[in-house]
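Student: Build me a model:
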Amino acid sequence: MKINCCYKCEAPKRHIGCHDTCEEYLAEKSKLEEYKELERAERQKRDTWHFIPKRIVRRNIREV
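Tutor: As a prediction, this is how the structure comes out:
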């Protein structure tokens, strides 16, 4: 996912510091931040298995 509203944006709409005031940019930036947060949460759930001691995982597998 990318921010695409700045592509082919020209003056006078595009100016120094326009990311502070551009409504399109701010909307896309907030969507991107939400997407990144969801990705971080999913990655953290998925990578949690790497931190569980192997003896606990082996014991639980044998019980099944």
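Student: State which helix of this protein is the longest.
Tutor: Using DSSP state H to define each element, the chain has its longest helix at helix 23-47.
Student: quick one, what contacts the closest residue to Y35 other than its chain neighbours?
Tutor: If the residues on either side of it in the chain are set aside, Y35 comes closest to M1, at 5.2 Å by Cβ to Cβ, 6 or more residues apart in numbering. Yep, even glycine has a C-beta here, placed from its N, CA and C like the rest. Going by Cβ atoms under 8 Å, 6 or more residues apart in numbering, M1 touches K31, L32, Y35.
Student: Can you report how many residues neighbour L26?
Tutor: Neighbour count for L26, taken as other Cβ atoms under 10 Å: 13.
Student: Hmm, I typed the wrong one, I wanted E24.
Tutor: Neighbours around E24, by other Cβ under 10 Å: 14.
Student: doesn't C5 make contact with it?
Tutor: Yes: counting by Cβ atoms under 8 Å, C5 is a contact partner of E24 at 4.1 Å.
Student: H15 versus the residue nearest to the spatial centre of the chain, what's the distance?
Tutor: By Cα atoms, centre = their mean, the mean C-alpha position of the chain lies nearest to K36, the distance being 1.0 Å. Remark: distance between K36 and H15 (Cβ to Cβ, to the nearest Å) = 27 Å.
Student: pLDDT score assigned to the residue nearest to the centre of the chain?
Tutor: At K36, the pLDDT value in this model is 94.
Student: State the distance from the residue nearest to Y35 to E28.
Tutor: 9 Å.
Student: Which member of the contacts of M1 is positioned nearest A41?
Tutor: Y35 (11.0 Å; Cβ to Cβ).
Student: How many residues are close by that closest one?
Tutor: 11.
Student: Check D47 too.
Tutor: With other Cβ under 10 Å as criterion, D47 counts 9.
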